[in-house]
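K.L.:
can you look at this prediction? I've put the sequence above it.
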Amino acid sequence: MSKRARTLDSFFSAPVTKKSRLPTPSIAQRETDAATVNSQLPQGTADTDVSKHPTYPLAIPYLPSGIRDILNFAPAAEPRALNDQPDLDLLYYQPYIPKEIQRDLYDFLRRELFFYRVKYNIKRGPVETQINTPRFTTVFGLDHLSRFDPEGLVVDASTGRPVPKDVYKCSPRPIPQCLDLLRTLTENATGCKFNFALVNYYASGSDSISYHSDDERFLGPEPAIASFTLGAKRDFLMKHKPTPEAHPSETKPLKLSLASGDMVLMKGLTQSRWLHSIPKRKGGEADKGRINITFRRAMVRGGTENYYRYNVGDGEVYRWDEDRREMRPWKDDQ
DNA sequence: AATACTACATTTCC
DNA sequence: AGGAAATGTAGTAT
């Protein structure tokens, strides 16, 4: 019908020149589009185009051309290798995102993406406790065993046949164009492959993530994870995992002060042998908002289930409120 | 894929 | 230089 026709129109007209100051589609229109039309169109160029999918609560605008043009100059710096300690294998780009677009990209993503504040239960022994994730999260992507067909349907990666809907408990969402451009760019610069984009928003210094490693059951051995910072500077702490031996490992904890535009590529044995965290911080720049984007490659369906469980969950949608300058629960009738 | 709180020690800030 | 604030660490509760 008309919405499908409009999508095809924008596809066929996308490559030609377009005004750069056309208005962004209204929230109401984006919601309608996202609920009715699939995406994974060829990556167009018009500033009015949007990424749509039935799993999106609302459509996500394409990256504005002004940002996209400058992004093609990334990485803005050569990486520094951090591998002077046992099992440590990092590339540190300071920065990766060119300075001229760091602020615009941060503002764009905070304004246009939707986030969640996930709650979940863990049980340790007999006691079950509820965890309130101390950060805003969202995720897009699908593991190596599946892909989205051009209609946005989840199909088997090798046969191309539809994956029965009870294979995944979650509802996988394609990576929107604005993040997929950065994903491709990062693949080309690093030689690594990624099929997931996780986005965290640390609203203040009281948002954090405690020490953890990214689970190799989902990512395979020696996984590569690219982690971007936009917005406020935050400390990134790393420490070697405790070793079985009684004697202390000959490694010392590492502190990286991640600034806007920076990218850290964790690879080799880093995930299996080291822990990392973003600790709470008081005052100064670290008490302002920070967006973190990580790209990774999930190898198995369990990875997809896990990432949606802990980064989307089943709670309400949050969106950035520019007037109140904070994330607020988003009601779809507002 | 834990996080929050407390107490106390140590470091950094201004 | 020195008091305040922030941070680090260990233990505990949920």
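P.N.:
Okay, I see it.
K.L.:
can you report how many residues lie near residue A:69?
P.N.:
Residue A:69: 11 surrounding residues under other C-beta atoms under 10 Å. Using the backbone N, CA and C atoms, a C-beta is placed for each residue, glycine as well.
K.L.:
can you give me phi and psi for it?
P.N.:
Here the main-chain torsion angles of residue A:69 (degrees, to the nearest 10) amount to phi -60, psi -40.
K.L.:
let me know the pLDDT of it.
P.N.:
Per-residue pLDDT puts residue A:69 at 98.
K.L.:
against DNA strand B, how distant is it?
P.N.:
32 Å (C-beta to the nearest atom of the strand, to the nearest Å).
K.L.:
quick check: that residue vs DNA strand C, distance?
P.N.:
With distances taken as C-beta to the nearest atom of the strand, residue A:69 is found 37 Å from DNA strand C.
K.L.:
check residue A:131 too.
P.N.:
Distance, residue A:131 to DNA strand C, by C-beta to the nearest atom of the strand: 8 Å.
K.L.:
these two touch, right, that residue and residue A:121?
P.N.:
Yes. Here residue A:131 lies in contact with residue A:121, judged by C-beta atoms under 8 Å, at a distance of 7.2 Å.
K.L.:
which of these two has more neighbours?
P.N.:
residue A:131 (11 against 8).
K.L.:
assign a three-state SS to that one, would you?
P.N.:
Counting by DSSP: H, G, I helix; E, B strand; the rest coil, the backbone at residue A:131 sits in strand.
K.L.:
do the one 3 residues further on as well
P.N.:
Per three-state DSSP, the secondary structure class of residue A:134 is coil.
K.L.:
contacts only, for it.
P.N.:
A:206, A:207, A:208, A:209 (C-beta atoms under 8 Å, 6 or more residues apart in numbering).
K.L.:
just the ones of these in strands?
P.N.:
residue A:209 (DSSP state E).
K.L.:
who wins for most neighbours among the contacts of residue A:134?
P.N.:
Counting neighbours by other C-beta under 10 Å, residue A:207 leads those with 21 neighbours.
K.L.:
now it: closest residue in space that isn't a chain neighbour?
P.N.:
Leaving out its chain neighbours, the residue that sits closest to residue A:207 by C-beta to C-beta, 6 or more residues apart in numbering is residue A:135, at 4.4 Å.
K.L.:
neighbours of that neighbour, how many?
P.N.:
Counted with other C-beta under 10 Å, the burial measure for residue A:135 works out to 20 neighbours.
K.L.:
with residue A:55 instead?
P.N.:
A count of nearby residues for residue A:55, using other C-beta under 10 Å, gives 19.
K.L.:
residue A:250 versus that one, what's the distance?
P.N.:
47 Å (C-beta to C-beta, to the nearest Å).
K.L.:
swap in residue A:107?
P.N.:
Taken as C-beta to C-beta, the span from residue A:107 to residue A:250 is 44 Å.
K.L.:
the more surrounded of these two?
P.N.:
Using other C-beta under 10 Å as the criterion, residue A:107 and residue A:250 rank with residue A:107 on top: 16 against 9.
K.L.:
distance of that one relative to DNA strand B?
P.N.:
As for residue A:107, its distance to DNA strand B is 25 Å (criterion: C-beta to the nearest atom of the strand).
K.L.:
and that residue, helix, strand or coil?
P.N.:
Strictly by three-state DSSP, residue A:107 counts as helix.
K.L.:
now do the one 3 residues further on
P.N.:
Under three-state DSSP, the three-state class of residue A:110 is helix.
K.L.:
wait, doesn't it sit right on residue A:201?
P.N.:
Yes. Applying C-beta under 8 Å, one finds residue A:110 in contact with residue A:201, separated by 6.7 Å.
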